[in-house]
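J.: sequence isn't available, so here's the structure alone:
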């Protein structure tokens, strides 16, 4: 199961925002990485560089590698609707992302681990594929044996985010993926149009 496992703060500093969630190290040094930090002269970025950076940001945010991301773009292109919006909706429909949005983990990386370690069920069946694409009405729950996991309890205790397209019940430890979110509902700071332009070259 391929995924990025390198340093997170360094990547967040490259994009100038904490794309992996709360990060104390990023807050201390929120300038680009590298030997000269803020003192390095940076010329104006080319159009290609801006588009590439936006694609990289989206990939790191959702924890998707290049081949998978390109396949999602092909799916988005074939679907009806605005390609960039559909691409982000496909990212948001991933099981690991929904587990993260429901507050079961503090990060998408942690959510991916919960899924791959068979702690999560979809419509009553254990699903251990992080990229599993949810459909409207799917019920996501914590497996009975895993309900006492400390990692899940502490994540839920610290979670305060509410999303209109997801419901969650703390008592039953299950929620519903009500609908695919509209672009305005997705909080990620990603300019999907740049990604479309890059792949369309």
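T.: Done, it's in. Bear in mind the structure is a predicted one, so any value in this text is a computation, not a measurement. Residues are numbered from 1 along each chain as shown.
J.: how does this protein divide up, domain by domain?
T.: 8-90+187-199, 94-179 (automatic domain parsing).
J.: buried deepest among these, which one?
T.: Of all the domains of the chain, domain 94-179 has the most neighbours on average by mean count of other C-beta atoms under 10 Å, namely a mean of 17. Just so you know, the C-beta spots here come from the backbone N, C-alpha and C atoms, and that holds for glycine as well.
J.: circling back: let's have the domains of the chain in a markdown table, adding mean pLDDT.
T.: Shown next, in a markdown table, are the domains of the chain (pLDDT from 0 to 100):
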| stretch | mean pLDDT |
| --- | --- |
| domain 8-90+187-199 | 81 |
| domain 94-179 | 94 |
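J.: and the spatially most central residue of the chain, what does it touch?
T.: Closest residue to the average C-alpha location of the chain: residue 62 at 3.0 Å, with C-alpha atoms, centre = their mean. With contact taken as C-beta atoms under 8 Å, 6 or more residues apart in numbering, residue 62 is in contact with 91, 94, 97, 108.
J.: which of those residues fall in helices?
T.: Using DSSP state H, the members of those that fall in helices are 91, 97, 108.
J.: closest one to residue 191 out of the residues you listed, please.
T.: Residue 191 lies nearest to residue 91 out of the ones in helices among the contacts of residue 62, by C-beta to C-beta, at 14.0 Å.
J.: where along the chain do the helices fall?
T.: Under the criterion DSSP H, the chain contains helices at 8-15, 24-28, 47-62, 66-78, 83-92, 95-101, 108-116, 150-157, 192-199.
J.: the fourth one - contacts with which helices or strands?
T.: The criterion is 3 or more C-beta pairs under 8 Å, 6 or more residues apart in numbering; DSSP states H and E, and the helices and strands that helix 66-78 contacts are helix 47-62, helix 83-92, helix 192-199.
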